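# Mind folding the following:
(4 chains)
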2 protein chains.
Amino acid sequence: MAQTDTRTRILDAAERLFAERGFSGTSVRAVTEAAGANLAAVGYHFGSKADLMAAVGRRVIEPITAAQGAALDRLLDGVPEPSVAELVEAFARPLFDDESESGGESGSESGSGGEAGSARRSRLIVAILVDPAEEMHGWMGAAEEAVQDRYLAAFTRALPGITPEELVFRTRGILAVMAVDRIGGRTQPPAAGEANRRWALTFLAAAMSAPPTGPAR
Amino acid sequence: MAQTDTRTRILDAAERLFAERGFSGTSVRAVTEAAGANLAAVGYHFGSKADLMAAVGRRVIEPITAAQGAALDRLLDGVPEPSVAELVEAFARPLFDDESESGGESGSESGSGGEAGSARRSRLIVAILVDPAEEMHGWMGAAEEAVQDRYLAAFTRALPGITPEELVFRTRGILAVMAVDRIGGRTQPPAAGEANRRWALTFLAAAMSAPPTGPAR
DNA sequence: GTCTATAGAACGATAGAC
DNA sequence: GTCTATCGTTCTATAGAC
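All right, here's what the predicted structure looks like:
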């Protein structure tokens, strides 16, 4: 098995390009050329560009959702009322990590390396979250919402003073902070992934634990 | 002056469409049709699609950068060492507000209203921050960096225990949280702009004030 | 300054040979 | 399953009439 499946090579290339350039900014031709495949292969294997995006998205989101759910199970199994910091870590860590995968599905880098491995998938997650194209996130399913609802309930117990609406805002804030290394000044070092993750957990634990916002003054 | 300038109508339409669909997702045709202008007018008034984006971006960013600088001046003029919450508010409020404009430049909504007025410009800012297309943010200038550096220095004095790198991360976190209402579940109410702003300030003041992240354990 | 018309390239999708 | 070839559309940009 010196060479990967064409279908998998297309998925890998599309994952990288969609993350880097967004959905509208990536052409099917660019994907197939990066994958060393034929233009028509996307139509054959996936049907359309939007269907390719859905396949790419599901491949990266599903194990993360599962890891988030498992982490919450583990947490609630240990203590009935986990701390805010523990909840933040359980929810956010699978969004950053790469190695949480156990199956033999991925593991081949198409080209000569590129990204350090980490921050590759998290970049696609960010792209999915912020891309305005409907095709980029329209395929998301009920499993993701169910896990988010479970975390919302756990955060509600850990932060009883916060209104449900504000808590929804804060939970979205966790996802927004994931986008931090995509933002603004080009000044950032390219491979600060590990430090970024630890800084983000500090940042988010404090933010989630903030006292409730008072009523409009 | 019953009718606005063609050039201004194009800027208004482009501002809305770039914010909603991103740079690659917006065609020049869509802009001119929304503006009630001719396709060739973009070439005549701006030169190219990328130049149009730069004009749109500068029009929205410049008054915000000026307001951020003025707010910091006002703050430092009152007290030599402002609090973290004061700095967050001074930096973030111009990013949310619409009414900080004093000139008579804008003020005409092309269609029948649409957005409530607020959150219209902040949506473009978010789009500028997260869009992967180089044309969406490549035009940003030194004025924005200078203001960010001034805030970075002020935050450094207010938070002496944080390393400069972590502080840069947190400052980017402020911008990332701006993107919160673009994220994920469609569940959000459409015009929650005012509540979102207050929740964001609470969230960010707590996040910025977090104790330093320890060295890697 | 505004328009029509079009050049020239890139796009997504697919028919059909192998 | 992989390829070539191409259809029909849409794109940005611009020449040139008014």
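# Would you agree A:Gln154 is in contact with A:Pro82?
Wrong residue type there; residue A:154 is Ala, not Gln. Yes - A:Ala154 is within contact range of A:Pro82, at 6.7 Å (criterion: Cβ atoms under 8 Å). C-beta coordinates here come from the backbone N, C-alpha and C atoms, glycine included.
# anything in contact with each of those two?
Counting by Cβ atoms under 8 Å, 6 or more residues apart in numbering or on different chains, the residues touching both A:Ala154 and A:Pro82 are A:Leu75, A:Leu76.
# near DNA strand D, which residues of chain A show up?
Applying Cβ under 7 Å from any atom of the strand, we find that chain A lies next to DNA strand D at A:Thr6, A:Arg7, A:Ala37, A:Asn38, A:Leu39, A:Ala40, A:Ala41, A:Tyr44, A:His45.
# Going through these, which ones are buried?
With burial judged by 16 or more other Cβ atoms under 10 Å in any protein chain shown, the buried subset of the residues of chain A next to DNA strand D is A:Thr6, A:Arg7, A:Ala37, A:Ala41, A:His45.
# gap between the last one and A:Ala14?
Same thing as A:His45. Separation of A:His45 from A:Ala14 (Cβ to Cβ, to the nearest Å): 11 Å.
# For the closest residue to A:Glu166 other than its chain neighbours, what is the enclosing helix or strand?
In space, and not counting its chain neighbours, A:Glu166 is closest to B:Trp199: 5.2 Å by Cβ to Cβ, 6 or more residues apart in numbering or on different chains. Counting by DSSP states H and E, the element that carries B:Trp199 is helix B:193-208.
# how about the CA coordinates for that helix, as CSV?
Coordinates of each C-alpha in helix B:193-208 appear next as CSV, following Å, rounded to 0.1, in the frame of the first residue of the first chain:
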residue,chain,number,x,y,z
GLY,B,193,-26.9,42.8,19.0
GLU,B,194,-27.3,44.9,22.1
ALA,B,195,-27.3,42.0,24.5
ASN,B,196,-24.5,40.3,22.6
ARG,B,197,-22.4,43.4,23.1
ARG,B,198,-22.9,43.5,26.9
TRP,B,199,-22.3,39.8,27.2
ALA,B,200,-19.1,40.1,25.2
LEU,B,201,-17.7,42.8,27.4
THR,B,202,-18.3,40.7,30.5
PHE,B,203,-16.8,37.7,28.8
LEU,B,204,-13.8,39.5,27.6
ALA,B,205,-13.0,41.5,30.8
ALA,B,206,-12.9,38.2,32.7
ALA,B,207,-10.8,36.5,30.0
MET,B,208,-8.3,39.2,29.8
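# which residues sit against the helix or strand of chain A with the lowest mean pLDDT?
Least confident helix or strand of chain A, by mean pLDDT, DSSP states H and E, is helix A:120-130 with a mean of 89. Counting contacts by Cβ under 8 Å, 6+ apart, the residues outside helix A:120-130 that touch it are A:15-16, A:18-20, A:22, A:56-57, A:60-61, A:64, A:95-96, A:98, A:114-115, A:136-137, A:175-176, A:178-179, A:182, A:193, B:126, B:130, B:132, B:179, B:182-184.
# for stretch A:201-212, same thing?
By Cβ under 8 Å, 6+ apart, the residues outside stretch A:201-212 that reach it are A:84-85, A:87-89, A:92-93, A:155, A:159, A:161-163, A:166, A:170, A:173-174, A:177, B:166, B:169-170, B:173, B:202-207, B:209-213.
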